[in-house]
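Peer 1: structure here, sequence nowhere to be found:
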């Protein structure tokens, strides 16, 4: 059994929240909700890994702009988009 097999829900909450279970749970929920929204809005995520990389890059550029010019709430919103597109890449949703 490797360390990934030992990733309990409690351990994941602590990891996402940097030791704070409540914060970790909120972050995990926000990511899950954003994934649902992204899949509803863009059922076809990408047509291959390079296209997916382009989607992630575009979302990162939006995050960069938000950090430089927008509110903290907008920055977090864009960070969730980067995470959602990256999770979809990890899940190979481009295939």
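Peer 2: Yes, it's here. Everything numeric here is computed off the predicted structure, so don't read it as measured data.

Peer 1: name the helix or strand for residue 53, please.
Peer 2: Using DSSP states H and E, residue 53 sits in helix 49-69.

Peer 1: what comes up buried for that helix?
Peer 2: 52, 55, 56, 59, 60, 62, 63, 66 (16 or more other Cβ atoms under 10 Å). In short, each C-beta sits where N, CA and C put it, glycine included.

Peer 1: contacts only, for the third one.
Peer 2: Okay, so that is residue 56. With contacts defined as Cβ atoms under 8 Å, 6 or more residues apart in numbering, residue 56 is in contact with 82, 85, 86, 89.

Peer 1: next, the most centrally placed residue in the chain: secondary structure please.
Peer 2: Nearest to the geometric centre of the chain sits residue 83, at 1.9 Å (Cα atoms, centre = their mean). Under the three-state scheme (DSSP: H, G, I helix; E, B strand; the rest coil), residue 83 adopts helix.

Peer 1: before we move on, what about residue 35?
Peer 2: Residue 35 - assigned by three-state DSSP - is helix.

Peer 1: same question for residue 45.
Peer 2: With three-state DSSP as the criterion, residue 45 reads coil.

Peer 1: my read: it touches residue 92, true?
Peer 2: No. Applying Cβ atoms under 8 Å, one finds residue 45 not in contact with residue 92, separated by 9.7 Å.

Peer 1: give me the more crowded residue out of those two.
Peer 2: Using other Cβ atoms under 10 Å as the criterion, residue 45 and residue 92 rank with residue 45 on top: 19 against 10.

Peer 1: show me the contacts for the more buried one.
Peer 2: 38, 39, 52, 55, 85, 88, 93, 94.

Peer 1: by pLDDT, rank these and give me the bottom one.
Peer 2: The lowest pLDDT within the contacts of residue 45 belongs to residue 94, with 92.

Peer 1: related to what we said a few turns ago, what is the nearest of the buried residues of helix 49-69 to residue 20?
Peer 2: residue 63 (22.9 Å; Cβ to Cβ).
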